[in-house]
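**Q** got a predicted model here, sequence first, then my questions.
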Amino acid sequence: MSAAYEELKKSILADGIIDADEVKNLRAKLYEDGVIDREEADFLFELNDATSGAKNDASWQALFVDAISSHLLDDKNSPGEIDDDEANWLISHIEKDGEYDENEKALIKNIKAKAKKISEKLQTKF
């Protein structure tokens with residue numbers, strides 16, 4: 001992860017929660033180029049795992065779900081679909097901390113609602 005994201009992560013996690021201002025700043029930074037890339041998606045999962053169960057602002061879940069869904073569904077390789085590689089990446093991130101939290105459940109629900117096609121791996125897992 002780039003030094004800029006490491007610094008951002010440190011400042012966001014300093015108080016253990018993600019507040020509305022932090023979400024607003026995150027959204028601006030993540031979407032400044034119009035694309036959520038793999039590094040940014042990994043970064044969001046790190047923040048989510050670190051603050052799972054905390055009293056985060058409700059806008060955090062919306063950003064997490066929107067950004068990860070965009071990363072997976074708006075890509076060039078399989079637009080609108082979750083292919084096996086994406087499914088493997090997503091499953092590994094969800095299982096990484098051993099907890100299937102509310103944000104991750106909302107993410108899976110959103111992906112299932114929006115995707116035209118979903119890898120069998122993901123279908124059978126969640």
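**A** Cool, got the structure.
**Q** gap between residue 89 and residue 70?
**A** 14 Å (CB to CB, to the nearest Å). (Each C-beta comes from the backbone N, C-alpha and C, glycine too.)
**Q** C-terminal to the lowest-mean-pLDDT helix or strand in the chain, what's the next element?
**A** Across the helices and strands of the chain, mean confidence by mean pLDDT, DSSP states H and E is lowest for helix 3-13: a mean of 91. Heading C-terminal from helix 3-13, the first helix or strand you meet, by DSSP states H and E, is helix 20-30.
**Q** measure how far that next one is from the centre of its chain, please.
**A** What separates the centre of helix 20-30 from the centre of its chain is 14 Å, taken as CA atoms, centre = their mean, to the nearest Å.
**Q** same check on stretch 17-37?
**A** So, by CA atoms, centre = their mean, the centroid of stretch 17-37 is 11 Å from its chain's centroid.
**Q** give me the buried positions along it.
**A** 18, 22, 23, 26, 30, 36 (16 or more other CB atoms under 10 Å).
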